[in-house]
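A.B. asks: only geometry, no sequence info:
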C-alpha cells in the first residue's frame, strides 16, 4: 500500500496552465503511476500514465499534446503539466498507483490501480 496526496489544482482561464503534483508515502519506484479525472455526472476517465522508470508514458487522445506526465522517483513525486487548458478539462484529478507486481509497463485502465489519492479540483473558465 502507498498513500498518495495530490496538490496543485485550482481555477484557471481557458488557455492557461497548471501543474499537478502527487506525493507518495512509500517507495514510488516500484509502482506504475497514472492520472485520472472525473467530471460531475461522468465516469472516471484515464488521463495519462507513466512506467516505473519514467521512460514510458501514454496519454489519452483528449489531452495528448497538451498534458505531460513525469515522475521523480528520488522525490517520490509524480507530476502532470497541463497546458492550453480547456473548459472541458474541468474535473477532479486523481493520482493513482498500480499493483507493484503488474508486468505492464504503462497501466491505462482504472481497475488495475490499487491506490488512489483524494483528488484535486481543476476548474477551467471560458
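C.D. replies: Great, that's in hand. Predicted model, so just to flag it, every value in this text is computed and none were measured.

A.B. asks: Show me what stretch 54-74 is in contact with.
C.D. replies: 28-29, 33-35, 45-53, 77-85, 88-89, 105-106, 108 (Cβ atoms under 8 Å, 6 or more residues apart in numbering). No exception for glycine: its C-beta is placed from N, CA and C like everyone else's.

A.B. asks: That stretch spans what distance, first to last residue?
C.D. replies: 12 Å (Cα to Cα, to the nearest Å).

A.B. asks: ditto for stretch 117-126
C.D. replies: End-to-end distance (Cα to Cα), stretch 117-126: 28 Å.

A.B. asks: cool, stretch 42-62 as well?
C.D. replies: Start-to-end, stretch 42-62 (Cα to Cα) is 15 Å.

A.B. asks: Cross-check the contact I'm expecting between residue 49 and residue 35.
C.D. replies: Yes. Counting by Cβ atoms under 8 Å, residue 35 is a contact partner of residue 49 at 7.4 Å.

A.B. asks: where does the chain have its least confident helix or strand?
C.D. replies: Lowest by mean pLDDT, DSSP states H and E among the helices and strands of the chain is strand 113-116, with a mean of 94.
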